[in-house]
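Student: Fold the stuff below for me.
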Amino acid sequence: METLTEFNKDKETLIKLINKHRLNNKNKWYQASVSCNGYNYKIKGYNTWVQLCYVYKNNKLLYNTALPMDVSAKDFKEFLNNTIK
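Tutor: Numbers count the residues shown, from 1 in each chain. Predicted structure coming up:
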């Protein structure tokens, strides 16, 4: 499983990088471990399905969330935009 790791990038750049990573791993599981504005995000996905998305602040898990299977690329990017702070 391929993992994208990016730290201290702005929100817009992270969304683009995660989407590109998703496209580069079509029909395969992928992971992303990224940070933005003091928050850390750990994502496990398959195509546009985000199975797991953990959100941390100061190494403390704040919450986890997910996205239904087979959503559109637009909905995938909107999910990232709403989740990443």
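Student: Most distant residue from the centre of the chain?
Tutor: Within the chain, residue 58 marks the point farthest from the mean C-alpha position, 18.3 Å out by C-alpha atoms, centre = their mean.
Student: Quick check: closest non-adjacent residue to that residue.
Tutor: Excluding the flanking residues, the one nearest residue 58 by C-beta to C-beta, 6 or more residues apart in numbering is residue 38, at 7.6 Å. Where C-beta positions appear, they are placed from N, C-alpha and C, glycine not excepted.
Student: From residue 11, how far off is the one you found?
Tutor: 12 Å (C-beta to C-beta, to the nearest Å).
Student: quick one, which of the two is more surrounded?
Tutor: Ranked by neighbour count (other C-beta atoms under 10 Å), residue 38 and residue 11 place residue 11 first, with 16 against 10.
Student: what's next to the helix ranked longest in the chain, contact-wise?
Tutor: Among the segments of the chain that qualify as a helix by DSSP state H, the longest is helix 11-24. Helix 11-24 has contacts (C-beta atoms under 8 Å, 6 or more residues apart in numbering) with 2, 4, 6, 9, 30, 32, 34, 36-37, 43, 45, 47-48, 73, 76-77, 80-81, 84-85.
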